[in-house]
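In: coordinates for the following, if possible.
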Amino acid sequence: MTTRRLIRAAVGLLAGMGLALDAWAQTYPSRPITFVVPFAAGGLSDVPGRMLAAEMQGRIGQSIVVENRPGASGVTGATAVLRAEPDGYTLLVNALADVQNLHYLSVPYDPVKDFALIGMVSDGPPVVLIVNADRPYKSVADVIADAKAHPDKVSFGTSGPATSPAIAVTQLNALAKTSIVQVPYKGSGPAATAVATGEVQGAFVFYANARSLHDSGRVRALAVASPQRLANWPELPTMNELGFKGFDHRGFVGLAAPGKTPAPIVAFLNKYLNASIQSESFRRRLEPLGMTVPAENTPETFAAFMRSEIARQADLAKLSGHAPLERK
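Out: Down below sits the predicted model:
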């Protein structure tokens with residue numbers, strides 16, 4: 001076969017593949033889609049994931065089933081999606097743990113390169129520094145002064161090792177040159193309750209836990225770990241404002257598919273993801289959780305965000321003495 005014939009054959013093959021993908025995209029989805037949440041029901045990624053499923057299924061005309069597969073800080077569920085058929089019917093509700101895990105656990109995948117990222121679902125929530133309402137702390141400076149005056153005597157509750165609340169305590173100790181002790185609990189909610197009951201003096205907890213206890217008068221919120229003040233809590237200063245530069249501890253929730261998922265399917269899902277999260281009903285339900293939706297939201301912008309978070313979390317892990325881990 002001549003070179004010219006080989007080129008014509010290759011062009012024909014590629015054209016045929018393009019037509020096949022177009023036809024596939026036109027019939028997709030023809031059966032229910034599964035959202036795999038790699039954490040327990042009711043968590044910070046589960047709630048937005050279920051909200052998105054409810055919004056999207058009416059728009060695409062097909063049911064979306066939410067399946068919780070917790071384990072290994074999200075690795076179990078993510079691995080299951082990675083091994084699924086790349087046909088757009090098994091998707092991952094990914095979150096901040098996906099990028100944090102790389103620096104603390106042996107993770108068998110790259111959360112950017114090995115998945116077809118679809119887009120971000122929500123940005124946030126941030127963690128908020130709270131203290132027991134009966135303590136004399138009126139500011140972050142008061143907490144630091146007490147921690148310096150009484151080394152290893154001030155304790156903060158956390159959600160456990162390698163979580164945003166724990167990393168925030170480590171960063172605060174590094175920046176303020178304090179030795180606040182970490183007391184692990186089984187989640188942000190229990191850590192917040194421990195502050196309210198006086199088991200610990202303070203904690204960095206996620207927005208919803210902080211807001212409810214602050215409004216009830218059981219704890220006092222002192223600062224938020226986000227780049228800007230919160231629109232629905234404008235009186236709360238940021239840690240950056242108070243001199244703690246780079247103090248940004250927020251979650252995020254996104255949607256991803258197995259690698260090699262066809263581009264038309266990814267584009268279809270991104271289109272309806274954005275239509276869903278920009279709806280008034282979705283945004284209204286996110287607000288009490290301390291979450292917002294992204295203004296620009298393409299697979300490319302989500303991938304860029306993930307890469308920047310991986311680099312930032314690597315720097316934060318070093319504060320805890322964790323060297324970069326190699327993936328298998």
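
In: in the stretch 101-250 of the chain, which spans are helices?
Out: 140-149, 164-176, 188-197, 207-215 (DSSP state H, counting those that start in this stretch).

In: so which of those helices comes closest to residue 97?
Out: helix 164-176 (9.2 Å; C-beta to C-beta). In short, each C-beta sits where N, CA and C put it, glycine included.

In: how about that closest one as PDB, C-alpha atoms only?
Out: Extracted C-alpha coordinates of helix 164-176, given in PDB (Å, rounded to 0.1, in the frame of the first residue of the first chain):
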ATOM      1  CA  SER A 164      -7.700  20.300  57.000                       C
ATOM      2  CA  PRO A 165      -8.400  21.100  60.700                       C
ATOM      3  CA  ALA A 166      -5.300  19.200  61.800                       C
ATOM      4  CA  ILE A 167      -3.200  20.800  59.100                       C
ATOM      5  CA  ALA A 168      -4.500  24.200  60.100                       C
ATOM      6  CA  VAL A 169      -3.300  23.600  63.700                       C
ATOM      7  CA  THR A 170       0.100  22.600  62.400                       C
ATOM      8  CA  GLN A 171       0.400  25.700  60.200                       C
ATOM      9  CA  LEU A 172      -0.700  28.000  63.100                       C
ATOM     10  CA  ASN A 173       1.900  26.400  65.400                       C
ATOM     11  CA  ALA A 174       4.600  27.000  62.700                       C
ATOM     12  CA  LEU A 175       3.600  30.600  62.000                       C
ATOM     13  CA  ALA A 176       2.900  31.700  65.600                       C
END
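
In: still on that earlier bit, now mean neighbour count too, for the helices of the stretch 101-250 of the chain, in TSV please.
Out: Formatted as TSV, those follow (neighbours: other C-beta atoms under 10 Å):
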stretch	mean neighbour count
helix 140-149	17
helix 164-176	22
helix 188-197	22
helix 207-215	22
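
In: residue contacts, residue 41?
Out: By C-beta atoms under 8 Å, 6 or more residues apart in numbering, the residues touching residue 41 are residue 68.

In: from residue 70, how far out is it?
Out: 9 Å (C-beta to C-beta, to the nearest Å).

In: one more: residue 106?
Out: 18 Å.

In: so which of those two has more stuff around it?
Out: A count of neighbours by other C-beta atoms under 10 Å puts residue 70 above the other of residue 106 and residue 70, at 15 against 12.

In: shouldn't residue 246 be in contact with residue 240?
Out: Yes - using C-beta atoms under 8 Å, residue 246 is in contact with residue 240, at 7.5 Å.

In: so the two - more neighbours on which side?
Out: A direct count of neighbours by other C-beta under 10 Å for residue 246 and residue 240 places residue 240 higher, at 18 against 12.
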